[in-house]
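> Okay, here's the prediction I keep looking at, along with the sequence it came from:
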Amino acid sequence: MNKIFGFLLMSCCLAGFVSCDDDTENPYAQSSPIAIVSSNLSFDATANTGVVKFSAPGTVTARTTAPWCSASVDGDSVVVTVEQNTTISGRSAQLILSYGGATEALSIIQRGVVVQLEHSGIAVETDEATSVKYSLQSNVDLVVTEAPAWATAAIEGDSITVNVTANTTGAPRVGYVKVGSGEFVDSLRIIQADFNTDIAGTYRLNYKMANGRERRANVTVSETGMRFMTLDIPMTYDPYTAKFTIQAGQYVGRSEGGNYVYMMFGTAADEDGQTYWSGYSDAFTITAPIEVADDGSLTATFFGTLGGYVVERFMFREFSFGADAGHEDRWSDSERETGRPDLNENRDLGVNMMDLYSPYLTREAPASAAQAQ
């Protein structure tokens, strides 16, 4: 029955479509007396003008629907003027042409300001007085409006050159080079730091235990990572953002019992009391931006998310070959290559060597920072 009903319905539809061929034109439809010949109403962020050419049997008036653009009629043309867009967001308006009771509407589009630095920041990776040059692309003409006391900057063409004095503070120097065009202003972060002198060294790793008790331990930060107790945590440093990054699922060392330890991330409890962890994936990362205090002391708080939930703790989970310890023929190719068990549920002992809640790094102000002030 359903098939028959569908067939009849289709037949009725087809009949309806066929009958449309016999329809007469709508006697009330009217063509506009205003014909658009050409239009140029797409603009960059800079102040500019565009022209619309039209034909009409009489005098046409024009207006716009936004205060940042205006229109004037000149014969068979409309000149549209737009002010500079001082934001990064694009905007739109309409140009309305009127003749008698007829109107024609055209869209006016203006893009926002684009400022694209070659990297995510300006990095000066030495404490010596030097200069660095970066590509700087924009759709407006930029000039430098401000720089830190220890730096100067200039824009020439599609690049920016930054000159810095010697950094004798013993800590990273962080500031902002401001660039602008008209009322638009943007800030480019500049970081001057020699990694071995200003970043690497001894820090305090501050954290809480599961019972809420606060703990701290000395750790050593190097180019390869962070040494915590007997564990070596792989950690990278980005000189353009002054951030540390740790990736989940990394091998960090052996436990006192000889088991293999991998680092994972765990979340805080959600509204239902459920917690989540990164599992056997290495797709998740957390970062710790370095904040430099006026006295040169450093703080770096780790932050990241798992499926929208905030990472709350480091999890050091133990793995083992188990009964396969003496049988390499049962190992995977990667296990034979590395000599340690793979990161999967078959090797997981289901035990955490320890959990570190709310971890963050601190480093006291170096003596040279106090002397430099």
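On my side now, so go ahead. Numbers count the residues shown, from 1 in each chain.
> What are the contacting residues of stretch 212-225?
The contact list for stretch 212-225, computed with CB atoms under 8 Å, 6 or more residues apart in numbering, reads 195-196, 199-209, 226-229, 232-237, 244, 361. The way it works is simple: take the backbone N, C-alpha and C, and place the C-beta from them, glycine included.
> Kindly report the same for stretch 345-357.
Under the contact criterion CB under 8 Å, 6+ apart, stretch 345-357 has outside partners 205, 207-210, 255, 259-261, 266, 280, 312-322, 341.
> Only the buried members of those residues: can you turn that into a ChimeraX selection?
To isolate the buried ones among the contacts of stretch 345-357 in ChimeraX, judged by 16 or more other CB atoms under 10 Å, type:
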select :205,207,208,255,259,260,261,266,280,312,313,314,315,316,317,318,319,320,321,341
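> In strands only, show me the contacts of stretch 345-357.
Of the contacts of stretch 345-357, the ones assigned to strands by DSSP state E are 205, 207-208, 260-261, 266, 312-319.
> Now flag whichever of the residues you listed is closest to residue 365.
Nearest to residue 365 among the ones in strands among the contacts of stretch 345-357 is residue 205, at 18.0 Å by CB to CB.
> isn't that closest one right up against residue 361?
Yes - at 6.0 Å, residue 205 counts as touching residue 361 under the criterion of CB atoms under 8 Å.
> can you map out the helices along the stretch 151-300 of the chain?
With DSSP state H, counting those that start in this stretch as the criterion, the stretch 151-300 of the chain has no helices.
> now swap in the stretch 1-150 of the chain and tell me
For the stretch 1-150 of the chain, the helices defined by DSSP H, counting those that start in this stretch cover 2-20.
> distance of the closest residue to residue 120 other than its chain neighbours from residue 293?
Distances taken as CB to CB, 6 or more residues apart in numbering place residue 240 nearest to residue 120, at 4.7 Å, with adjacent residues excluded. Distance of residue 240 to residue 293, given as CB to CB, to the nearest Å: 21 Å.
> neighbour count winner among the two?
Higher neighbour count among residue 240 and residue 293: residue 240, with 17 against 12, using other CB atoms under 10 Å.
> Now the buried members of the contacts of stretch 212-225.
With burial judged by 16+ other CB under 10 Å, the buried subset of the contacts of stretch 212-225 is 199, 203, 205-208, 226-228, 232-233, 235, 237, 244, 361.
> mind listing what residue 324 touches?
Residue 324 makes contact with 330-331 under the criterion CB under 8 Å, 6+ apart.
> got the phi/psi numbers for it?
Main-chain torsions, residue 324, degrees, to the nearest 10: phi -90, psi 10.
> how about low-confidence regions in this structure?
1-30, 368-373 (pLDDT under 70).
> 80 instead?
1-31, 367-373 (pLDDT under 80).
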